[in-house]
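Need the 3D shape of this:
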Amino acid sequence: MSTPIATLLDDETVSAVAAEVWSALVGADEVLVPGRGPVAEGRSAWVGVEGPWSGLVVLTCSTTATDDLTRAVLQLAPTEELEADDVDDVLRELANILGGNVKSLLPGPSTLGLPQTGTPPHPGSDVRPVGATWRGHPLTITVQGATEAPAQHPTTEVTS
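Numbering: from 1, shown residues only. The predicted structure follows:
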């Protein structure tokens with residue numbers, strides 16, 4: 001069994017990583033406000049990390065938030081129709097970058113799986129949910145340990 005995530009990362013570190021990712025991908029003027037708001041429910045995207053610590057980095061937000069995120073990242077007008085593939089692409093990209101940044105703070109070497117959208121595996125007891133808000137939308141970034149032997153996922157990178 002790997003070291004519990006609560007021992008490896010604290011809320012402030014996860015919040016700082018998320019704020020950096022948000023600024024870089026969503027926009028320099030876009031502010032992700034850390035805090036203990038309501039746990040976000042809605043759409044999720046996640047990426048697996050496998051190594052000395054194995055688990056998932058999951059981003060969850062409401063449908064309204066995902067629509068606003070897609071418009072912000074793709075620089076679309078508020079009235080422009082969104083394609084479901086574009087929404088999923090933006091969520092997966094955010095999860096991938098969040099996951100890569102979190103992975104860099106964990107013991108290595110580790111691999112990062114391909115990002116996915118849908119319903120992530122249910123977290124076990126090794127979980128660190130970190131709440132935030134963006135434009136008034138609640139978001140949750142959850143770093144959760146694997147609850148069983150890691151599945152073999154295609155990887156996008158291998159680093160120490």
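
what's the helix or strand for Thr142?
Following DSSP states H and E, the helix or strand that holds Thr142 is strand 137-145.

tell me what that strand is packed against?
With contacts taken as 3 or more CB pairs under 8 Å, 6 or more residues apart in numbering; DSSP states H and E, strand 137-145 sits against helix 5-8, helix 11-21, strand 55-61, helix 63-74, strand 127-134. From N, CA and C alone the C-beta is placed, and that goes for glycine too.

Show me the shaky parts of the protein.
By pLDDT under 70, the low-scoring segments of the chain are 1, 36-40, 147-160.

Show me which helix runs longest in it.
Of all the segments of type helix in the chain, defined by DSSP state H, the longest one is helix 84-103.

C-terminal to it, which secondary structure element comes first?
Using DSSP H and E, the helix or strand that follows helix 84-103 towards the C-terminus is strand 110-113.

so what does that next one touch, helix or strand wise?
strand 43-50, helix 84-103, strand 155-159.

Export those to CSV and append columns for mean neighbour count.
CSV is the format used below for these (neighbours: other CB atoms under 10 Å):
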stretch, mean neighbour count
strand 43-50, 24
helix 84-103, 20
strand 155-159, 12
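
To Val17, which of the ones you listed lies closest?
Set against Val17 and scored by CB to CB, the helices and strands packed on strand 110-113 come closest in helix 84-103, at 4.6 Å.

Please identify the deepest-packed of the helices and strands packed on strand 137-145.
When you average the neighbours per residue for each of those (mean count of other CB atoms under 10 Å), strand 55-61 leads with a mean of 27.
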